[in-house]
Structures are given as C-alpha cells and as structure tokens.
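Q: Take this sequence and fold it.
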Amino acid sequence: MRPLGINTWVWTSPLTDADLPGLLRHVSDLGFDAVELPLENVGDLTPAAVTTALADTGLRPYVVGAMAPGRDLVDTDPASVRATQDYLRGCLDLAHAIGAPAVCGPFYAATGRVWRLTPQARESAYRQWREHLAPVVEHAAAAGVRIGIEPLNRYETSLVNTVEQAMTGLGDLLQEGGAVGLALDSYHLNIEERSSADAVRRAGRHLVHLQVCGNDRGAPGGDQTDWPALLDALDEVGYRGALAIESFTADNASIATAASIWRPLAATQDDLARTGLAFLRDLTTQGETP
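A: Residues are numbered from 1 along each chain as shown. Next comes the predicted model:
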C-alpha cells in the first residue's frame, strides 16, 4: 500500500523543534503514514528532536526545502549562490540524519521570482543551474539522499514550469537511479501540463516524490483532477513512493503570500487533512484484496 503523507505547512510555518512532538502526534492520530517536514531555515529542526518525534509516531519522513527570496542558483551574485548551496546541503544533512530518502523543492530560483527569458537566456540560465547545482548533487550522493527538482507554475517561476523543461535544464545531472530526480506536484501539473498523467509518464523512473492536492490547492478529491488516470500513470512508471498532501494555512502571512492562499480552503485545516486522507485511502485501495 502506498504511504500517504501530509506537509506540516497545512498547519504551521515555520516548523521548529518546539512544534514537532504535538504536531507529528496529531498527524499520526489523523491516520497518516508519512510526513513532509519543511526546513525553512537550517537550524529550525535538529536531528535529535526530529528522530525522537518520528520514533514516537512511526511516521515516514520526507524533507522539503523552501526557496525564500534570495535563494537562487541562476542569474545572481556568487554570494547568493554559495548561501543557497549551503542551505541545500543543510537540508540534505537533516534528511540523512533522520532517514528521509529525499529532499524536494524548486531548487533553481526563489519562489515568486519571474523574469522574461529569450531562448538564449534560458539556455544560459540552465547552464548556470547545472554548474551551481552539481556540488549539491555530489553532496546528496555522498549522503545517500536523492534531490527531487520540482517544476512550479508560471506564476511562481519562469524558469522550470514543466517536466520537459526540468529534464532539459538538468541535462547530464539527471541519470536513472542517480542522486537527482524529479518531484512533481499535482497542483502545478494541472496548470502547466496538457496531461498530468502523461507528465508522470514523461518523468518515468526519474520520479522521486509526488505531492497532491485539489486543483484549488485544497484537499484532493471532488475536484477536476483525473485521479484514477494519475494513479494509473504512477503504476506504469513503477512509482511506489508516498502521496503527500501539500496545502497551506492562510493564517501564516509569509507562506500564504508565497503560495497565494487568499482564502480558507476548508472549514478547518483538520477537515482538509481528514477529507484528503479519506479520498486518497479509498483511491489507493480500490481493487486491492482485503
């Protein structure tokens, strides 16, 4: 059975050691198998605190990064590149220490940074991206943790919007079974891909992780997404990893603004979690022998 998880951004931001025991216990009590832990700043979470909370709940961990303003690997100054690389190494070190298999996110430019790119400028930006990401990929390989590069929708980046662009931009860094792969999000797929299922097929064995939500950023299920087709595509490419709900609380100014969450997406955040989990549990167990 696929593990079903949820991102703690549904309830809070930033996630810190102080939040961990109660919040992870709540996630476990709701019935989830896994949890996405966003590391917004290195030091917010420490391996000892995370390991203890995971042991107490039995949740499988995944680490996600946050590309805050100033975190860029392309068309920026050398100091910003070094700081971004150090931040990503910190994410990888946390994942290694807590047993998380992957660190995922839009690891190329700050979320919300958009600029016009000619074909020549895009090619140049992709060269810079490969050059500046390569040392981080080496760090990931040494740590035994995979990096999942996430394409974002056109309103959050102008650099990597589709699976095809991610694969083109990564070039030789993207090797089957290697340290870098793709992390997809059904929300962005719904906006940028002609077919979410075909995008999964295009990613194929490079798919590291999958985030899910409704096409309105709320709970998955009862929305316009063709969930059975998406699940079939995941089976075709052999993806057996987690399905992790990523949504956000509108009560946190920074994360709500970054994700354009201008209204509540459910009566309560717990309702969003429960509804999404019930839908995913039903979707992923259909046809299985009890």
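Q: Just give me the longest helix of the chain.
A: Taking DSSP state H as the criterion, the chain has its longest helix at helix 119-143.
Q: on contacts alone, who are the packing partners of that helix?
A: Here helix 119-143 touches helix 78-98, strand 146-149, helix 163-170, strand 180-185, going by 3 or more CB pairs under 8 Å, 6 or more residues apart in numbering; DSSP states H and E. Using the backbone N, CA and C atoms, a C-beta is placed for each residue, glycine as well.
Q: and of those, who's closest to D271?
A: In terms of CB to CB, the element of those nearest to D271 is strand 180-185, at 21.4 Å.
Q: Can you spell out which helices and strands pack onto the following helix or strand past that closest one?
A: Sequence-wise, the next helix or strand downstream of strand 180-185 (DSSP states H and E) is helix 186-192. Judged by 3+ CB pairs under 8 Å, 6+ apart, helix 186-192 is in contact with helix 196-203, strand 207-212.
Q: okay, those, which one's buried deepest?
A: For the helices and strands packed on helix 186-192, the largest average neighbour count (mean count of other CB atoms under 10 Å) is found in strand 207-212, namely a mean of 25.
Q: CA atoms only for it, dumped as PDB, please.
A: What follows is strand 207-212, C-alpha atoms only, in PDB (Å, rounded to 0.1, in the frame of the first residue of the first chain):
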ATOM      1  CA  LEU A 207      10.200  10.500 -10.300                       C
ATOM      2  CA  VAL A 208      11.400  10.800  -6.700                       C
ATOM      3  CA  HIS A 209       8.300  12.100  -4.900                       C
ATOM      4  CA  LEU A 210       4.700  13.200  -5.600                       C
ATOM      5  CA  GLN A 211       2.700  15.900  -3.800                       C
ATOM      6  CA  VAL A 212      -1.000  16.100  -4.300                       C
END
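Q: Please state the offset of the very next helix or strand once past it from the chain centre?
A: Moving toward the C-terminus from strand 207-212, the next helix or strand (DSSP H and E) is helix 227-236. In terms of CA atoms, centre = their mean, to the nearest Å, the centre of helix 227-236 is found 19 Å from the chain centre.
Q: cool, stretch 204-214 as well?
A: Put simply, stretch 204-214 sits 8 Å off its chain's centre (CA atoms, centre = their mean).
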